[in-house]
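Q: predicted model, plus sequence, below.
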Amino acid sequence: MKFYSRQLFPFCALVFVFALFSALAPERFLALRNLVNILRVSSVTGIAAVGMTFVIIIGGIDLSVGAMLSLSAMVTAVSMLLFSGADMAMIANGEYVSLGLLPMLGGALCGIAVAGFCGFLNGELIARLKIAPFLATLGTMVVFRGGSLLINDGRPAMTSDCNWLDVGNVLGIPAAVVLFFAVLLAGGFLLQYTTFGRYIRALGSSPRTALHVGIDITRLRVVVYTLCGVLVGVAGLIRMSRASGAYPFSAGIGLELDVIAAVLIGGASPSGGRGTMAGSLIGVLLVGVLRSGMTMLDISIYWQMVTVGVLVLAALAGDRWESQHADIARENTGN
Amino acid sequence: MVDISKRFGAVCALRDVSFAARPGTVHALCGENGAGKSVLSKILAGVYRPDSGRIEVQGREVAFSSPAEAVRAGISMLYQESDLAPDLTVAENIFLGAERLLGGKIPRMLDSERMRHETDDMIDSHGFMLKPDTIVAELTPAKRQQVEVLKALNRRAQVLIMDEPTASLSPRETQELFAIIRGLRNSGMTIVYISHRLDEVLRIADEVTVLRDGVNVYSGARSAVNADRVVRLMTGSAPEELFPERNNIPGEVFFEAREISDRAGRVRKVSFRLHRGEIVGLAGLVGSGRSETAELITGATPLAEGEFFLDGNKVALDSPVGAVAHRIALVPDDRSYSGIIPSLSGAANLLLPNYRRFGMRCWIPRRRELRLGEGIGRYLRLEWPSPRTPAGRLPAGTMRKILIGRWLMSDIRLLVLDEPTRGVDVESRREIYELMTHFVRRGRTILLISSNLSELFGMTDRILVMRNGRMVGDLKTKEVSREEVMGLAAVDGL
């Protein structure tokens, strides 16, 4: 029962916020186009949030996902252009280059591979060098951001041809949204029905126990951070496709907060062991609806930041309150 | 295990210890703190690797590089701290690392249904009151232990090592555990039972091994030894008089608790008075509300109702800071020594509540701190390489003495001690008792919470008895028997 009750509150919050915006701006907010748009915008946060859910369940955190997304988008864009026959001077000048299908696929793979490697690096720092996740990823965040700015000397890399992930659709549903739900379902499946999911929950709940039953926790940690990196790479591809290029100064700025917020709002415990994909989905949608609705009501981006921050703190306070409450309840029932 | 040796730095924890356990027996491992019993069992369980010597299981030599390997060889250990993942269910924990898989096209898919069924069968066949889908965090320590036993059985354990398994159990739960242990033994399992509690060891064991200072000093049948003999083997001498002479006369009442209750309902309308210069015992079973009462008096938990009087004036003790300001302090029952700051030096830990008293308000001159620490350390007879040594590296007995000793030189006048000698060797115990006697000599008072009846009878002037959150007895120590106190504490007996 506890499993569901942790998502009950965020779900109610989602319904409430949705109803609120529907009442305040019925024409614009409730328009089908806007709802689809919320999902489309949320797909970037959402795919990264699937990776972050794994990370937070093992008791870790990854602050570098925003910078990682920027780096992978840059690598994707630049390698697509290079594979299509452009040289660095043309990219630097932002000249139009027509992209072939194979270069696009190759570039996408390069970007995802680089993001995966970034995640692997985080994992090695945390699992093998035993640097605290918060600090390790704070460091790599700056490294990745710097790297993404270095590639084209701070200039964006334009890929006007590559927007099929944004405009393309499957039965009228945007391709990005389809991809998001596919990733989410796969993540939920991994978590619920495989030994991988079972082991990461055990690792987050009690690393010592996991070690004693013969789980290679060092490797598992590296795998989880790498997986998070790969998913951030996929999110970066969508982001790049939507913007028709990679903008190393602005891409993924503040993304880590939205992603961590979504996962924590969804009931994952920052101390590890607990978290579900359904919860993270609710969290992603809540953040998406809030941002969209507030933008629609002309509430400034600064207020949006404050709101998301307060939500995260509320989720954290709820987690603490619940765990203390659970102790008292257990002692009273003598169960 | 043959000729096992293990050193940690300069300390030789085990010296050529040999140890053999037969199938279908309960083999007790006794010894004081630091005698090496935990190290020996952790070598057997694959946590540590021995420096020399060899381990044989059923005649085959083995070498474990991890606990998981030992488990695969049939040796499981129940650690003092629970070794379960609290957020997973009973069934998930029992099968952790040994999951049943569906074996379909997708690799590594879990067969949860089957694992639940098998868990149910195991629970039934042992008559445990457990459900496969309960989250482990919601279970009591006793039930978690049952889950750990099932987890070990599921891994086909032939040897089960239990390290202080009764530490957090009530007497009734201990009885139940002993029934489980006997059942396991009768089914041919070897149980290595490690405990400080001599009476328990002698009740359950078939064979006994005694370690002293890392050396095996006795191995043999339980029937060949009695309690006195084992104590002599453990300490290397006859059990001496532990408790110092006391001939103080308690003064007038200075502290009174009137009908105090806490919010969780674990302390209900408890009233009592304390006199100057008195050592008052607080007896009761685990869970009777003793520790909770201590927390109320010292402001660690808020009062739901009731009031406190100090020298006849009503006072609010609503935080530890407030309590210390009223010169009341608590030394909690605390295995992890949260009262000690491990990275600070021993001297700093001693002086922590006393800097002001020694005129160090802001600036702490290092040399003065060390000199003071050295002097006090000598006075308390602390065993430390130097007052500079980080407290985290000091022996358990020394840490316990620092926890109590730091209040000795403060202006605290009511000290609440919760199980001050649990897990402490005999020599340190005697010294702690001396410190306590010292403390009350100048009209100060100690409230001593203890599960150890000889300690209560050896040290106190008066014994308060709690049961189920209520105060059920207030007795003069000289006028009661142990049986009376036990009878009050537990109607259903031990």
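A: That came through, no problem.
Q: number of residues surrounding the one residue in the stretch 351-494 of chain B that gets nearest to chain A?
A: Closest to chain A within the stretch 351-494 of chain B is residue B:468: 11.2 Å, counting by C-beta to the nearest C-beta. (C-beta placed from N, C-alpha, C; glycine too.) Residue B:468 has 13 neighbours, counted by other C-beta atoms under 10 Å in any protein chain shown.
Q: and it, what does it touch?
A: Taking C-beta atoms under 8 Å, 6 or more residues apart in numbering or on different chains as the criterion, residue B:468 is in contact with B:268, B:288-289.
Q: for it, give me the pLDDT.
A: Looking at residue B:468, its pLDDT reads 86.
Q: ok, residue B:400 next?
A: Looking at residue B:400, the pLDDT reads 83.
Q: residue ranges with poor pLDDT in the chain?
A: With no chain named, the answer covers chain A. Scanning chain A for pLDDT under 70 picks out the ranges A:1-5, A:325-335.
Q: hmm, I had chain B in mind actually
A: For chain B, the stretches flagged by pLDDT under 70 are B:1-3, B:7-12, B:33-34, B:235-241, B:334-338, B:423, B:491-494.
Q: doesn't residue B:168 fall inside a strand?
A: No. Read with DSSP: H, G, I helix; E, B strand; the rest coil, residue B:168 is coil and lies in no strand.
Q: which residues touch it?
A: Residue B:168 touches B:141, B:286, counting by C-beta under 8 Å, 6+ apart.
Q: same thing with residue B:352?
A: So, once contact is read as C-beta under 8 Å, 6+ apart, residue B:352 ends up touching B:341, B:344, B:406.
Q: for the stretch 1-150 of chain B, what spans make up the helices?
A: Remark: helices assigned in the stretch 1-150 of chain B by DSSP state H, counting those that start in this stretch are B:37-44, B:67-72, B:90-94, B:112-126, B:141-154.
Q: same check, this time on the stretch 51-200 of chain A
A: With DSSP H, counting those that start in this stretch applied, the stretch 51-200 of chain A shows helices at A:65-83, A:88-93, A:101-127, A:133-151, A:164-167, A:175-193, A:195-205, listed in chain order.
Q: before we move on, the earlier item: which of the contacts of residue B:352 lies closest to residue B:122?
A: Nearest to residue B:122, judged by C-beta to C-beta, of the contacts of residue B:352 is residue B:341 at 44.4 Å.
Q: strands of the stretch 151-300 of chain A, residue ranges please.
A: A:157-158, A:169-170, A:173-174, A:245-246 (DSSP state E, counting those that start in this stretch).
Q: partners of the second one, with directions?
A: When sheet partners are counted by DSSP bridges, strand A:169-170 sits next to strand A:173-174 (antiparallel).
Q: any chance of the backbone angles for residue B:297?
A: Main-chain torsions, residue B:297, degrees, to the nearest 10: phi -60, psi -40.
Q: that one: neighbouring residues, count only.
A: By other C-beta under 10 Å, 25 other residues sit near residue B:297.
Q: wait, doesn't it sit right on residue B:418?
A: No. Residue B:297 lies out of contact with residue B:418 (C-beta atoms under 8 Å); the separation is 10.9 Å.
Q: buried residues in stretch B:264-275?
A: B:264, B:266-268, B:270, B:272-275 (16 or more other C-beta atoms under 10 Å in any protein chain shown).
Q: how close does the residue of the stretch 351-494 of chain B closest to chain A sit to residue B:284?
A: From residue B:468 across to residue B:284, the span is 9 Å (C-beta to C-beta, to the nearest Å).
Q: residue B:249: what's its closest spatial neighbour, skipping adjacent residues?
A: In this structure, residue B:249 finds its nearest non-sequential neighbour in residue B:277, 7.2 Å apart by C-beta to C-beta, 6 or more residues apart in numbering or on different chains.
Q: what's the helix or strand for the one you found?
A: Take DSSP states H and E as the rule and residue B:277 turns out to sit in neither a helix nor a strand.
Q: pretty sure it is touching residue B:444, no?
A: Yes. With contact defined as C-beta under 8 Å, residue B:277 counts as touching residue B:444 (7.0 Å).
Q: can you say which of the contacts of residue B:352 are buried?
A: residue B:406.
Q: out of the contacts of residue B:352, who's near chain A?
A: Contacts with chain A are made by none of the contacts of residue B:352, judged by C-beta under 8 Å from any C-beta of the partner chain.
Q: which ones among the contacts of residue B:352 are found in helices?
A: Mapping the contacts of residue B:352 onto helices (DSSP state H) picks out residue B:406.
Q: about what we covered before: winner for burial among the helices of the stretch 51-200 of chain A?
A: Compared across the helices of the stretch 51-200 of chain A, helix A:65-83 shows the largest average neighbour count, a mean of 28 (mean count of other C-beta atoms under 10 Å in any protein chain shown).
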